[in-house]
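*Asks:* Any chance you could fold what I've pasted below:
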Amino acid sequence: MTTTTLAVLVPLLPFLGAAAGLLLGRTAPGYVRPLGVLPTLTSLVVAVLVAVRQGGDQAIDAATELTPTGSVPIELALHIDGFAALVAVLVTLVASCVQIYSTGYLRDDPRYASYAALVSLFTSAMLLVVYSGDLIVLLVGWEIMGICSYFLVGHYWETPEARAASIKAFLVTKLGDVPFLIGLFALATDAGSFRITTVLGTVASGGLHHPTLIALLLLAGVAGKSAQFPLHTWLPDAMAGPTPVSALIHAATMVAAGVYFIARLLPVFQASSAAMVVLAVMAAVTMAGSALAALAQDDIKRVLAYSTIGQLGYMTGALAVGDRGAAVFHLLSHGAFKALLFLAAGVIIHASGTNSLAVMSRMKDLRARVPDAYWTMTVALLALTAIPPFSGFFSKEAVLGAAEHVATGHTEHAPGTAGWIVLVAGLVTAVLTAAYATRLWLLAFRGHGADAPDHGRQPLTMTVVLWVLAVPSLVFGLLYGPLPDWFDGRDLTPVLTTSVLGTGLALVGGIVTYGAWRHTTSLAARVPLGAVVAHPDADAGQVEAEAIAAHAPVFGDVAYAADPADPGRLLLGPLHRHAAVGFHLDAVYSALFVRPVQAGATLVRFLDREVVDTYVRGAGALPRWLGSAVRRAQTGNVQTYVSALLAGTVVLTVAVLLVATGA
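*Replies:* Numbers count the residues shown, from 1 in each chain. Next up is the predicted model:
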């Protein structure tokens, strides 16, 4: 079987599994789980075969014209280089783990059949994006992922949070997709083709007429899909969906698509220095802001959501300095340990019965209840923190090293300004990442108080995949030696300067957070637990009153008693309440966009009802009145009609005589 045929099977198998799952979900429920797991697992095996055959050498290209358009052709094209081959393996690996994990996590869910089918369709759409050599076909996968995320985030549609989150995710990403679509058409107009290789050839020959405009339009779509500032606000709210869906979205699909798209078309963005600086600023704000927000979250899944936003910021930062090898390297590394973090969080939530870190911090020996999640999450958090020799160290170091090369003028792939922006923001984020990762670990596993509740053993399918994902989280980074052939020959060896700086700052962030936790824990021990308001939505005045009554410390107008053992409150101080709500961006968007649109809708409704309808009613009133008068004359009485006829005859006769006499 040819490599091209194998490549076609990679996205096709999950698609067929999704179709069969939807058709047989009700009539043959016994086939639902095999149809969810086996096609994706088979796709993983085939993706590995494609990657082995491609081998990081010359890209594999194949195309056939879909239909004559009369102008710019649209082709069903494949373009598989080293990036595409490796990313496809990541997508199928994470999707397989999610499907296996879901058989236990959602074993009693009545809508499991549709859930598993949508996950398979989601996977197929991402694989279409990865392998596609035509921008329109890529766009099809791009949009299918958007609708799949809408249904999967809203899986628990009975809850208002899930309904609101699914609508928000759909609308915010569509907000970016509109300029993205315009940018694709403008790019194809300049290049005369939607074929990616043709587009890149046009850029290389200087045939792109509007590089800055096109790059900025495309960036809007990337910001929405990959949850980058300022269109990142949908991703934390998307945690209302099932935890395995969060793992899939954050690790291998949806948010990874935007980063992968820029990596695929990086020369288009490099054609505009202004676009590269904008990309660098977007990455820097995203990195630092999301890390601060993660340090203030109480929901364990929202901590990980903001973490994803920040790590995607590292990837876009690598692209902003013109190094797509470093960006995709971190994409692959992050995909493994972020999937592990979410799936381990699902086990912890299942065992503790809560998402709240504040509540977990009051549970003793929670780690003894979930030893698999404890050890594997520890590995994933060390990878996230970029501690050597875990995978995150090597991939994050590749990003920082690339930024340092551009900042110091060793390469001209991007403006030096972009290099300094990414480097400084990346180092600051390294401290904050270590801080929120350490905080999460301490609050989840080093709690004091009552014994953790016993919600029964987790299914084996939920724990086995944790160890499967722990392997790449631990050792993938060590493959930086053999990997350059797959990454345009990019040398991924860590740079001494940024390695020492990044690791040192990460250690500082972890140690300071641990010290703050020890300090707050000692204070919390003197506060009666009954006097502590643990619920994050509690009224601030009530929290402060109870804190004062319990002799607990209060920082500004934030009552420390809301979670006396939370080091995030001590480290952030007055900034905590702003970071906890994402620095009020949702409120800003509500004031700038939602309220004006609602006010405009109210005005239009008033004009329609009170002005337009008034004219319509007036236009209908006159005929109605005339009709009423005529209807009154139609009495049905023959004598009345004869009398009227005679009276009319007399009147006419008199009139004729008067006219004749006058004449």
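*Asks:* Can you give me every residue that contacts residue 18?
*Replies:* 117, 118, 120, 121, 124 (C-beta atoms under 8 Å, 6 or more residues apart in numbering). Where you see a C-beta, it was placed from the backbone N, CA and C, and this is true even at glycine.
*Asks:* Helix or strand: which one has the last one?
*Replies:* Looking back up the chat, that one is residue 124. Assigned by DSSP states H and E, residue 124 belongs to helix 112-131.
*Asks:* Residue 420: neighbour count?
*Replies:* Residue neighbour count, defined by other C-beta atoms under 10 Å, stands at 18 for residue 420.
*Asks:* From residue 83, how far out is the spatially closest residue to it that is not a sequence neighbour?
*Replies:* Closest residue in space to residue 420, ignoring its immediate chain neighbours: residue 407 at 4.5 Å, by C-beta to C-beta, 6 or more residues apart in numbering. Taking C-beta to C-beta, to the nearest Å as the measure, residue 407 falls 25 Å from residue 83.
*Asks:* So for these two, which sits in the more crowded spot?
*Replies:* The neighbour comparison of residue 407 against residue 83 (other C-beta under 10 Å) goes to residue 83, with 25 against 21.
*Asks:* Verify the stated contact: the more buried one with residue 263.
*Replies:* Yes: at 6.2 Å, residue 83 counts as touching residue 263 under the criterion of C-beta atoms under 8 Å.
*Asks:* what do the two both touch?
*Replies:* In contact with both residue 83 and residue 263: 324, 328, using C-beta under 8 Å, 6+ apart.
*Asks:* And the residue nearest to residue 420, how far from residue 491?
*Replies:* 18 Å.
*Asks:* With residue 341 instead?
*Replies:* Where residue 491 is concerned, residue 341 sits at a distance of 29 Å (C-beta to C-beta).
*Asks:* Same check on residue 192?
*Replies:* Distance, residue 192 to residue 491, by C-beta to C-beta: 36 Å.
*Asks:* With residue 469 instead?
*Replies:* 27 Å.
*Asks:* what do you get for residue 653?
*Replies:* Counting by C-beta to C-beta - residue 653 and residue 491 are separated by 117 Å.
*Asks:* out of those two, which sits in the busier spot?
*Replies:* Applying other C-beta under 10 Å to residue 653 and residue 491 shows that residue 491 carries more neighbours, namely 13 against 10.
*Asks:* Identify the residue nearest residue 501 in space, chain neighbours excluded?
*Replies:* Closest residue to residue 501 apart from its sequence neighbours, by C-beta to C-beta, 6+ apart: residue 427 at 6.0 Å.
*Asks:* what about that neighbour, which helix or strand?
*Replies:* Using DSSP H and E, the element containing residue 427 is helix 416-445.
*Asks:* what do you get for residue 104?
*Replies:* helix 82-105.
*Asks:* roughly how far out does that helix sit from the chain middle?
*Replies:* Distance of helix 82-105 from the chain centroid (C-alpha atoms, centre = their mean, to the nearest Å) equals 17 Å.
*Asks:* Correct me if wrong: residue 373 contacts residue 350.
*Replies:* No: between residue 373 and residue 350 there is no contact under C-beta under 8 Å: 9.1 Å.
*Asks:* Looking at these two now, which is surrounded by more residues?
*Replies:* More neighbours surround residue 373 than the other of residue 373 and residue 350, with 28 against 20 (other C-beta under 10 Å).
*Asks:* do you know how far that one is from residue 589?
*Replies:* 36 Å.
*Asks:* And the helices in the stretch 351-500 of the chain?
*Replies:* Using DSSP state H, counting those that start in this stretch, the helices of the stretch 351-500 of the chain run over 357-360, 366-369, 371-385, 391-407, 416-445, 460-475, 496-524.
*Asks:* do the stretch 101-250 of the chain as well
*Replies:* 112-131, 135-153, 160-191, 196-204, 211-225, 234-237, 243-251.
*Asks:* which of the ones you listed sits most buried?
*Replies:* Greatest average neighbour count among the helices of the stretch 101-250 of the chain goes to helix 243-251 (a mean of 29), per mean count of other C-beta atoms under 10 Å.
*Asks:* Please name every helix or strand in contact with whichever helix or strand comes after that helix.
*Replies:* Next helix or strand after helix 243-251 toward the C-terminus (DSSP H and E): helix 255-264. On a contact count with 3 or more C-beta pairs under 8 Å, 6 or more residues apart in numbering; DSSP states H and E, helix 255-264 meets helix 82-105, helix 112-131, helix 135-153, helix 211-225, helix 300-320, helix 324-352.
*Asks:* Now render these as a markdown table, adding mean pLDDT.
*Replies:* A markdown table is the format used below for the helices and strands packed on helix 255-264 (pLDDT from 0 to 100):
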| stretch | mean pLDDT |
| --- | --- |
| helix 82-105 | 94 |
| helix 112-131 | 95 |
| helix 135-153 | 94 |
| helix 211-225 | 95 |
| helix 300-320 | 95 |
| helix 324-352 | 93 |
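*Asks:* out of these, nearest to residue 571?
*Replies:* helix 300-320 (14.1 Å; C-beta to C-beta).
*Asks:* rewinding a little: quick one, the helix holding residue 124 and helix 82-105 angle?
*Replies:* Put simply, helix 112-131 runs at 170 degrees to helix 82-105, going by axes from the mean of the first three to the mean of the last three C-alpha atoms, to 10 degrees.
*Asks:* Go ahead and produce CSV holding the CA coordinates of helix 112-131.
*Replies:* What follows is helix 112-131, C-alpha atoms only, in CSV (Å, rounded to 0.1, in the frame of the first residue of the first chain):
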residue,chain,number,x,y,z
TYR,A,112,-22.0,8.3,25.4
ALA,A,113,-22.7,7.1,21.9
SER,A,114,-23.0,10.6,20.4
TYR,A,115,-20.1,11.8,22.6
ALA,A,116,-17.7,9.1,21.3
ALA,A,117,-18.8,9.7,17.7
LEU,A,118,-18.2,13.5,18.1
VAL,A,119,-14.8,12.8,19.5
SER,A,120,-13.9,10.7,16.5
LEU,A,121,-15.3,13.4,14.1
PHE,A,122,-13.2,16.0,16.0
THR,A,123,-10.1,13.8,15.6
SER,A,124,-10.8,13.3,11.9
ALA,A,125,-11.2,17.1,11.3
MET,A,126,-7.9,17.9,13.0
LEU,A,127,-6.1,15.2,11.0
LEU,A,128,-7.6,16.8,7.8
VAL,A,129,-6.1,20.1,8.9
VAL,A,130,-2.7,18.5,9.5
TYR,A,131,-2.5,16.6,6.2
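*Asks:* I'm done for today, thanks for sticking with me.
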